[in-house]
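Peer 1: Predicted coordinates and the sequence they were generated for:
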Amino acid sequence: MLVAFSGGDVRAAEAPLIESGQGDALLQRAAHGLFGVVLGLLREAGLTAYGATVVVLAGSGNNGADALYAGERLLRRGAGATAVLLSDHVHAASLEAFRRAGGTSVTLADGTDPGELALHAGHADVVIDGIVGTGAQGGLRGTARAFVDAFNTAAGARATRSALVVACDLPSGIDVETGQVDGPVLAADATVTFGSAKPGLLLGAGALASGEVNVVDIGLDLTASTPAVRTLLHADVAALVRAPTAQDQKYSRGVLGIAAGSSRYPGAAALAVGAALATGLGMVRYLGPDTVASLVHQRNPEAVASNGSVADARSQAWVVGPGAVDDDDQRGRASDAIGSGLPVVVDAGALPEVPDRVGPQVILTPHAGELSQFLTARGVDVDRSAIEAEPAHFALRAAEMTGATVLLKGFTTVVAAPSGTLFAQTDASPWLSTAGSGDTLSGILGALAASLAEDTGAARRIGVADEDIWAAIAAAGAAIHGRAGRRAALRGPILISDLPTDIRAVMADLYEERRLAAAM
Ligand SMILES: NC(=O)C1=CN([C@@H]2O[C@H](COP(=O)(O)OP(=O)(O)OC[C@H]3O[C@@H](n4cnc5c(N)ncnc54)[C@H](OP(=O)(O)O)[C@@H]3O)[C@@H](O)[C@H]2O)[C@@H](O)CC1
Ligand SMILES: Nc1ncnc2c1ncn2[C@@H]1O[C@H](COP(=O)(O)OP(=O)(O)O)[C@@H](O)[C@H]1O
Ligand SMILES: [K+]
């Protein structure tokens, strides 16, 4: 599990080490880790440190010191390195070490046009961003702002620029706690972060700007702090999912009831059912209009369909709402499922049926627009763009207010438990932003909920508190959906009705990972 602690907690963990005179040792450990990751990235790009051109961007704080010490190590391995100093008072010892190893430096003075320096950096093999780290206050200003603006213009977008940008601790320009960006940001291909990840690397615009996140252990003791955000990795999801055993039969593997689709949106039902079956469980019971049931059957004859009630369709979990609009029967089923006390995934058309208070086994899956409506109806007047800017804050607010688990969809999927525990998953591909995608997510979540509903060991297997198991299951569902989307996108634009093929492949990978872990 990738675990992020707040910048304040990381600083508090650093403090006793700094007080006991180990400040420089911390900087050296951080620099060494950064250097190692840069070497690996150079290797992946078919280069070596010897002969590589490196530009170190150094601000006035310890973040600049980390970057300069990493530059020193690259110089000693034969790289050519220039430091662009964004302040006239950078960390003296690290600059001295950088110069002694043969590095040159230039100070960007206030008011000087950074255009030429930015162009030079844009042509380097590697740019190390040591402008600001956890000490950043607000959006970039002064020479830092001018340089990042000029660099982004000169080098172009991350996807097409030639220089590899490695952020030291965090990409300069993001808020360390929220990931919010106010002004320019230096988007990284990879971020090397120290002690632990920081929330801003996993949330909102910050997640987009961080690239691949690498955590370097610098010997901080964070055991007394509570993680601010968690991300499930492949191994965590593998530990959570439940494979059938020789003792299982279809009912013990989990039965999922799905009340989705309507005569207006019949396809949503077929998509949710197909995705649930591909995730693996004992049975899907579909409830809805006969015309929709016959579409579901055309695609998945294994689904058991009826036009009956929730009470008559015995299940371990429910999915309600995808494509279910203007349909009183589906609305009634949504209410019954939510009131049943069973785990229930509540999407789209069923969100208005959620009562004031529910339990964490009720998993709401709004996108930002739906969460805006949901919160506004409960007296929190907030629009879609405000939620997109602070997804974690509003997902937590909704979870705390209702007692439900809230999965907020988007580039990063944020899952908030009513306990305050937060997950963020960035497994998805933007190609997943296509109609019907959310219906397949509901199906995956429902299948996981049904198959894990009676599994008392699930929380322990991935190291979360029992009360947070539904949030962990939701995060795992987002991870499976995202990975399936990435896989599908390799064949071109995603056809959502094809996603079950990729879901099955992702599940096969997860079971293989688990088999290998068990064999170790
Ligand atoms: N502590 C340790 O021992 C360890 C720390 N470590 C490393 O240190 C980093 C934290 O270092 P830090 O505290 O020195 O702050 P940091 O982010 O480098 O710079 C702050 C300076 O930047 C400036 N500035 C601020 N806001 C700005 C803005 N918006 N726009 C422009 N400039 C802005 C402001 O300077 P001023 O403008 O006042 O000259 C301020 O003083 C941490 O991320 C990690 O990399 C690791 O090596 C582990 C050991
Ligand atoms: N830019 C993006 N990058 C990655 N995933 C995205 C992006 N935009 C949306 N998604 C994902 O696609 C799905 C869209 O769901 P939703 O908005 O409910 O679509 P629909 O209602 O059409 O099914 C969600 O899982 C969401 O997280
Ligand atoms: K930085």
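Peer 2: Right, received. Where do you want to start? Ligands and ions are numbered 1, 2, ... in the order given.
Peer 1: what residues go with each domain of the protein?
Peer 2: According to automatic domain parsing, the chain comprises the domains 2-229, 235-519.
Peer 1: Counting by contacts, list what the helix or strand that contains Gln373 packs against.
Peer 2: Using DSSP states H and E, Gln373 sits within helix 368-377. Judged by 3 or more CB pairs under 8 Å, 6 or more residues apart in numbering; DSSP states H and E, the packing partners of helix 368-377 are helix 384-389, helix 391-402, strand 405-408. C-betas here are computed from N, CA, C, even on glycine.
Peer 1: Which of those has the highest mean neighbour count?
Peer 2: Of all the helices and strands packed on helix 368-377, strand 405-408 carries the top mean neighbour count, a mean of 30, counting by mean count of other CB atoms under 10 Å.
Peer 1: Point out where the stretch 151-300 of the chain drops to low pLDDT.
Peer 2: By pLDDT under 70, the stretch 151-300 of the chain has no low-scoring segment.
Peer 1: Okay, helices next: where are they in it?
Peer 2: For the stretch 151-300 of the chain, helices defined by DSSP state H, counting those that start in this stretch occupy the ranges 204-210, 234-240, 250-253, 267-279, 290-299.
Peer 1: Mind giving me the packing neighbours of the third one?
Peer 2: This points to helix 250-253. Counting contacts by 3+ CB pairs under 8 Å, 6+ apart, helix 250-253 packs against strand 283-287.
Peer 1: can you do 10 Å?
Peer 2: With contacts defined as 3 or more CB pairs under 10 Å, 6 or more residues apart in numbering; DSSP states H and E, helix 250-253 has these neighbours: strand 283-287, helix 437-452.
Peer 1: thinking again about what came up before, ligand 2: which of the helices and strands packed on helix 368-377 is closest?
Peer 2: Across the helices and strands packed on helix 368-377, ligand 2 has its closest neighbour in strand 405-408 (8.4 Å, CB to the nearest ligand atom).
Peer 1: What residues does the chain have near ligand 3?
Peer 2: With the criterion set to CB under 5 Å from the ion, the chain comes near ligand 3 through 129, 167-168, 172.
Peer 1: Contact residues of the stretch 1-150 of the chain facing ligand 1?
Peer 2: Contact residues (CB under 6 Å from any ligand atom) of the stretch 1-150 of the chain with ligand 1: 14, 18, 23, 26-27, 30, 59-64, 66, 87, 132-142, 144.
Peer 1: List the ones among these that fall in helices.
Peer 2: The members of those that map onto helices under DSSP state H are 14, 23, 26-27, 30, 62-64, 66, 142, 144.
Peer 1: tell me the two of the residues you listed that are most distant?
Peer 2: With CB to CB as the measure, no two of these lie farther apart than Leu26 and Gly142, at 26.7 Å.
Peer 1: what's the neighbour count on Leu47?
Peer 2: Neighbour count for Leu47, taken as other CB atoms under 10 Å: 17.
Peer 1: can you pull the contacts of it?
Peer 2: By CB atoms under 10 Å, 6 or more residues apart in numbering, the contact list for Leu47 reads 39, 41, 53, 79, 125-126, 164.
Peer 1: how about a cut-off of 8 Å?
Peer 2: Asp125 (CB atoms under 8 Å, 6 or more residues apart in numbering).
Peer 1: before we move on, what SS does it have?
Peer 2: With DSSP: H, G, I helix; E, B strand; the rest coil as the basis, Leu47 sits in coil.
Peer 1: which one among the residues of the chain next to ligand 3 gets closest to Ala478?
Peer 2: Nearest to Ala478 among these is Ala167, at 24.5 Å by CB to CB.
Peer 1: and the residue nearest to that closest one when sequence neighbours are not counted, how many residues sit next to it?
Peer 2: Excluding the flanking residues, the one nearest Ala167 by CB to CB, 6 or more residues apart in numbering is Ala188, at 3.7 Å. Residues within reach of Ala188, counting by other CB under 10 Å, total 26.
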